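Student: return a 3D structure for these sequence lines:
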Amino acid sequence: MLRHSASSGADVETKDADRPLTREGRALAKSVATRVDDAGWTPDLTLCSNSRRSKETLEIMRDEVNEAFGTKGRVMYLGSLYHYASLDGVMRQHLSECVVKQTTAGDGADGEEGDVVECEIVTDARTIMAVGHNKGMEEAASEYCGRDVRLQVATAALLERARGEGDTWASAMADAGSWTLVAVATPEGIIQI
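Tutor: Numbers count the residues shown, from 1 in each chain. As a prediction, this is how the structure comes out:
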């Protein structure tokens, strides 16, 4: 779970979804990219809000350390991750549905309005990164692991779940509260939990 980096403030002429990263935000995204890469948190699949600040955060991470953070066919930009983030208590369920859809053969990536559909179905995904906004990202992370998770800008939380025999992404995502918060990556470093 990654919260996008620092973006410009509200502007009458710029829609909220179109706000770019600031110079500081670009630097923070580079730093957190290094931390995440050093920790080996390279995603097999990335679900990213289609807001400009989220896309820029992901692009900077890819350019800084590893193309895997933006590998063609393994990234899906979702308008819904922007919209659902502001609604109370719905982000975890929506994110779970998105993960299942992108990891289950035969479901297809047909997308919703506002989605950029370039992503293949990634049935072999073991690590999935979600890039988005608060309050939804914090709420979802907190619900998955059953404890309070705080995500400042350019901060990532690593959640893990033991894989049982016959587990699928559908069963894992439906099992809220069974995930473990392992560590948090900030631009300054990794905090082990």
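
Student: residue contacts, residue 35?
Tutor: 156, 185, 186, 187, 189, 190 (CB atoms under 8 Å, 6 or more residues apart in numbering). All C-beta spots, glycine's among them, are computed from the backbone N, C-alpha and C.

Student: phi, psi for residue 154 please.
Tutor: For residue 154, the backbone dihedrals (degrees, to the nearest 10) come out as phi 60, psi 40.

Student: cool, and residue 75?
Tutor: Dihedral angles (degrees, to the nearest 10) for residue 75: phi -130, psi 130.

Student: nearest spatial neighbour of residue 14, skipping sequence neighbours?
Tutor: Closest residue in space to residue 14, ignoring its immediate chain neighbours: residue 8 at 7.5 Å, by CB to CB, 6 or more residues apart in numbering.

Student: likewise residue 66?
Tutor: Spatial nearest neighbour of residue 66, chain neighbours left out: residue 37 (5.4 Å); criterion: CB to CB, 6+ apart.

Student: now residue 79: phi and psi?
Tutor: phi -60, psi -30.

Student: scratch that, residue 164 is what I was asking about
Tutor: Torsion angles, degrees, to the nearest 10, at residue 164: phi -90, psi 170.

Student: likewise residue 86?
Tutor: For residue 86, the backbone dihedrals (degrees, to the nearest 10) come out as phi -90, psi -10.

Student: now do the same contact list for it.
Tutor: 133, 135, 136.

Student: ok, now residue 141?
Tutor: 1, 149, 151, 157, 159, 181.

Student: and residue 66, by the same measure?
Tutor: Counting by CB under 8 Å, 6+ apart, residue 66 touches 33, 37, 42.

Student: so the residue most central in space within the chain is in which element?
Tutor: Central residue of the chain (CA atoms, centre = their mean): residue 130, 1.4 Å from the mean position. Secondary-structure element containing residue 130, defined by DSSP states H and E: strand 128-132.
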